[in-house]
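Trainee: sequence first, predicted coordinates after that:
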Amino acid sequence: MNLHLLAGVGVLSLLIAVSAWREALRNEPISRIRITPENMPQFKDKE
């Protein structure tokens with residue numbers, strides 16, 4: 001098999017895998033939740 005063809009197929013499959021992985025991360029609802037000060041529980045200091 002031609003080495004250039006093998007390298008081309010490898011790069012193409014890598015790009016497809018990275019694209020699918022980014023799409024899965026974008027659609028996952030857990031990744032949308034960010035820890036912000038508004039979402040953190042409020043603790044009051046008792047002295």
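Mentor: Done, it's in. Residues are numbered from 1 along each chain as shown.

Trainee: can you list the buried residues in whichever helix or strand L12 is part of?
Mentor: Per DSSP states H and E, L12 falls inside helix 3-27. The neighbour-count check on helix 3-27 (16 or more other Cβ atoms under 10 Å) flags nothing as buried. Where you see a C-beta, it was placed from the backbone N, CA and C, and this is true even at glycine.

Trainee: that one - what's its average pLDDT?
Mentor: Averaging pLDDT along helix 3-27 yields 91.

Trainee: by contact count, what packs against it?
Mentor: Helices and strands touching helix 3-27, as assessed by 3 or more Cβ pairs under 8 Å, 6 or more residues apart in numbering; DSSP states H and E, are absent.

Trainee: kindly recompute the last result at 10 Å.
Mentor: In terms of contacts (3 or more Cβ pairs under 10 Å, 6 or more residues apart in numbering; DSSP states H and E), helix 3-27 is packed against helix 29-32.

Trainee: check contacts around S19.
Mentor: With Cβ atoms under 10 Å, 6 or more residues apart in numbering as the criterion, no residue contacts S19.

Trainee: what's the separation between it and L6?
Mentor: 21 Å (Cβ to Cβ, to the nearest Å).

Trainee: what do you get for R22?
Mentor: R22 sits 25 Å away from L6, taking Cβ to Cβ as the criterion.

Trainee: what does L25 give?
Mentor: Between L25 and L6 the computed distance is 29 Å (Cβ to Cβ).

Trainee: so what's V9 up against?
Mentor: By Cβ under 10 Å, 6+ apart, the contact list for V9 reads M1.

Trainee: tell me the spacing between it and A17.
Mentor: Distance, V9 to A17, using Cβ to Cβ: 13 Å.
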